[in-house]
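[1] sequence and predicted structure, then a few things I'm wondering about:
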Amino acid sequence: MASKSPLLSRVLLCALIVMLSALFIHAQTDLNGFWVFKIPRGDGTFAESYFELKQSGDTITGNTVGGRTQSSVSEGAFRDGKLRFSIATTGRGGQKGGTPQTLTTTYEGTLQGDKFAMTMTRAGGRGGRGPSTGDFERTKAEAAMPPAKLPLPALHDVRDNKLARTPPMGWNSWNKFAGAVDDKAVRGIADAMVSSGMKKAGYVYVNIDDTWELGRDAKGNITSNTKFPDMKTLADYVHSKGLKIGIYSSPGPKTCAGYEASYGHEEQDAKTFAGWGIDYLKYDWCSAGTIYTDEDLQAVYQKMGDALLKSGRPILYSLCQYGNNKVWEWGAKVGGNCWRTTGDINDSWQSLDRISFGTATPGGIRKQGEPAPPGLTQFDIAQSATVGHWNDPDMLEIGNGHMTTDEYKTHFSLWCLLRAPLLAGNDLRDMSDDTKAILMNADVIAINQDPAGLPLKRVSQEGNTVVYMRPLKGGDIAVGMFNRGDQAADIGVSWDSLGVAGKKLQVRDLWKHEAVTASGDKYTANVPAHAVVMLRVTAK
Ligand code: GLA
């Protein structure tokens, strides 16, 4: 008996310890409340997502917080120090208009001290990104929720900064580099802009898009992350090449990629940018939508327009709010030099065709409970751009590899006819001859940069073909004959429709770089699928 009892008591003791520690974990880990999941991005910043969790026994429910929409936690459980839950969202696999898909994100973590070491795995959707790991920590409601709305200024007309008398030309990091842009890449692009001949062709702005930001210093000044050790030195370098430099922020608390943005620091940030020597600001709505409504857009953008003027440095002001609330009617009033007219482009014919010829521009504000007003085309709003204040159908994808040479020529031709900003979105350090020939086609660039800056007119539209023309300074006419179809098509343009019938004509094909014969009363060309013929007509 006596020999049995120590063993029994040891077993009992162990059982007691296990029971007590389970109770302890449970008592110490009341999961009710707000949580943040912080994934290190490797540049000194964290991608953060917020949750409110509710615990009942080992069942966990709750929802995401802080974003424009909330998603519910499903299949949530907390057992033996392990937390697991899923969030299901509906997204469109890539392009707007694509088929909606359910994306399930699963979070699994082990309690370590007062936080969880968490792994997030995504299933469904495109691309199948690998799992991400980070800390899942307690936070406060204030950190999780968008900040209170600041009062907005009364509307007034912001003084014209007199920049961008022709559409801005340059490069932007987003389409090719996205989050991978850094100091070295920007310097390399500036070098390549000079050595490739792009600078000579007219490209001047080297624009850093999202993901350069870190946070704020003790005085509230915005700071750059480890990818950009010193913005002022970088700006000096770009300027030393005879080029200009651009940067990116948002009127909301966070940028589209979830980095620090200008909310409540508008004037301070404009001053910081001016101090660094910045020449161009792209100001991107995104998280501002968690605080403001679309009715506030004009006042919100006016605030930064004023701040840029007050900074004392000429800074080109590029609005990016995807064309909402008919930005072309008030973009110039807030001091905008250009404004995006659509959601994001991607490197596909489907995206290009939709933005170029489809109704990709929002026709106005969507009122709650009502269907969205019918979308507009680039052509519908073309008249509203004026010298210094341009419509921006988004940055170029030429050279990024997923469209044909003909499609990229269509892209460039249309952007030039539309008087759109020409911001190359490819890697200028590594360009094929075709890419160079498109981006540096001086004849087509001259149409974009024509000093008269008049809007284009539609000459004809039949089925998949459309012909645009634009009167140029000095009386010449630019003509674009576009074939959206999947088969080659004959497209004709009569001299009468251009107002030059009976005149002595000189006609130049701007992609073949040769004169074409202008006999008879029209010009007809066989235009391959997704291709364009561009002409410059001189009437004597
Ligand atoms: C938005 C913009 C893009 C790019 C990204 C960066 O999607 O429309 O052009 O700036 O944000 O996060």
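    Ah, there it is. Numbering: from 1, shown residues only.
[2] now do the contacts for the residue positioned nearest the centre of the chain.
    For the chain, the residue nearest the mean C-alpha position is Asp344 (5.5 Å; Cα atoms, centre = their mean). Contacts for Asp344 were tallied using Cβ atoms under 8 Å, 6 or more residues apart in numbering; they are Asp394. (Each C-beta comes from the backbone N, C-alpha and C, glycine too.)
[3] that one: helix or strand, and which one exactly?
    Using DSSP states H and E, Asp344 sits within no helix or strand.
[4] what residues does stretch 305-319 touch?
    153, 158-159, 161-164, 168, 205, 246, 266-267, 269-271, 273-274, 277-283, 301, 304, 327, 331, 334-340, 392, 421.
[5] got a quick ChimeraX command for the buried subset of those?
    Command for ChimeraX that selects the buried part of the contacts of stretch 305-319, burial taken from 16 or more other Cβ atoms under 10 Å:
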select :158,161,164,168,205,246,266,267,269,270,271,273,274,277,278,279,280,281,282,283,301,304,327,331,334,335,336,337,338,339,340,392,421
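[6] residue contacts, the closest residue to Arg79 other than its chain neighbours?
    Counting by Cβ to Cβ, 6 or more residues apart in numbering, Arg79 lies nearest to Asp58, which is 4.8 Å off, once chain neighbours are set aside. By Cβ under 8 Å, 6+ apart, Asp58 lies in contact with 77-79.
[7] what's the answer for Cys416, then?
    For Cys416, counting by Cβ under 8 Å, 6+ apart, the contacting residues are 422, 444-445, 447-448, 478.
[8] how about CSV for those residues, with pLDDT and secondary structure added?
    CSV is the format used below for the contacts of Cys416 (pLDDT from 0 to 100; DSSP: H, G, I helix; E, B strand; the rest coil):
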residue, pLDDT, secondary structure
Leu422, 99, strand
Val444, 98, helix
Ile445, 98, helix
Ile447, 98, helix
Asn448, 98, helix
Ala478, 98, strand
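[9] right, is the helix or strand hosting Glu48 up against the ligand?
    Assessed by DSSP H and E, Glu48 sits inside strand 46-56. No: using Cβ under 6 Å from any ligand atom, strand 46-56 stays clear of the ligand, with a minimum separation of 12.1 Å.
[10] distance of the residue nearest to Ala164 when sequence neighbours are not counted from Asn175?
    Distances taken as Cβ to Cβ, 6+ apart place Asn337 nearest to Ala164, at 4.0 Å, with adjacent residues excluded. Distance of Asn337 to Asn175, computed by Cβ to Cβ, to the nearest Å: 20 Å.
[11] sorry, back to before: and the very next helix or strand once past the strand holding Glu48, what does it pack onto?
    Counting by DSSP H and E, the element after strand 46-56 in chain order, helix or strand, is strand 59-65. Other elements packing on strand 59-65 under the criterion 3 or more Cβ pairs under 8 Å, 6 or more residues apart in numbering; DSSP states H and E are strand 46-56, strand 73-79, strand 82-92.
[12] pLDDT on strand 59-65, on average?
    Taken as a whole, strand 59-65 has an average pLDDT of 96.
[13] what does stretch 324-331 give?
    Mean per-residue pLDDT for stretch 324-331: 98.
[14] cool, and stretch 334-351?
    98.
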